[in-house]
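**Q** Have a look at this prediction, sequence included:
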Amino acid sequence: MLLQLYKIYVDLVSFDAQIRFGVLVFILAGLILYYTYRSSEQNQP
């Protein structure tokens, strides 16, 4: 019983962590694209 609850808890935590990690990667990718776009735009005359 306790082991099953523990497995469910770990699965939920890992799932939540995966969602947070995915959001973090998405935000970082957006920032990188934004800064590269801005810097390339500044290089234009």
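**A** Arrived safely.

**Q** Could you measure from E41 over to L28?
**A** 20 Å (CB to CB, to the nearest Å). For the C-beta atoms, the positions are set from N, CA and C on the backbone; glycine is no exception.

**Q** For the protein, which segments count as helices?
**A** 2-43 (DSSP state H).

**Q** Output the below-cut-off pLDDT ranges for it.
**A** 44-45 (pLDDT under 70).

**Q** again, only using 90
**A** 1-3, 5-18, 38-45 (pLDDT under 90).

**Q** buried sites along stretch 1-10?
**A** Of all the residues in stretch 1-10, not one is buried under the rule 16 or more other CB atoms under 10 Å.

**Q** Please apply the same query to stretch 8-25.
**A** So, applying 16+ other CB under 10 Å, stretch 8-25 has no buried residues.

**Q** what's the offset of that stretch from the middle of its chain?
**A** 10 Å (CA atoms, centre = their mean, to the nearest Å).

**Q** go on, stretch 12-28?
**A** Worked out by CA atoms, centre = their mean, stretch 12-28 lies 5 Å from the chain centre.

**Q** start at 398 instead
**A** Right, with 398 as the first residue, what we last looked at is stretch 409-425.

**Q** Would you mind writing the CA trace of that stretch as CSV?
**A** What follows is stretch 409-425 as a C-alpha-only set of coordinates in CSV (Å, rounded to 0.1, in the frame of the first residue of the first chain):
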residue,chain,number,x,y,z
LEU,A,409,3.3,12.9,-10.1
VAL,A,410,6.3,14.8,-9.0
SER,A,411,8.4,13.6,-12.0
PHE,A,412,5.4,14.6,-14.3
ASP,A,413,5.2,18.0,-12.7
ALA,A,414,9.0,18.4,-13.0
GLN,A,415,8.8,17.5,-16.7
ILE,A,416,6.2,20.1,-17.3
ARG,A,417,8.2,22.8,-15.5
PHE,A,418,11.4,21.7,-17.4
GLY,A,419,9.5,21.9,-20.7
VAL,A,420,8.2,25.4,-19.9
LEU,A,421,11.7,26.5,-18.8
VAL,A,422,13.2,25.2,-22.1
PHE,A,423,10.4,26.9,-24.1
ILE,A,424,11.1,30.2,-22.3
LEU,A,425,14.8,29.9,-22.8
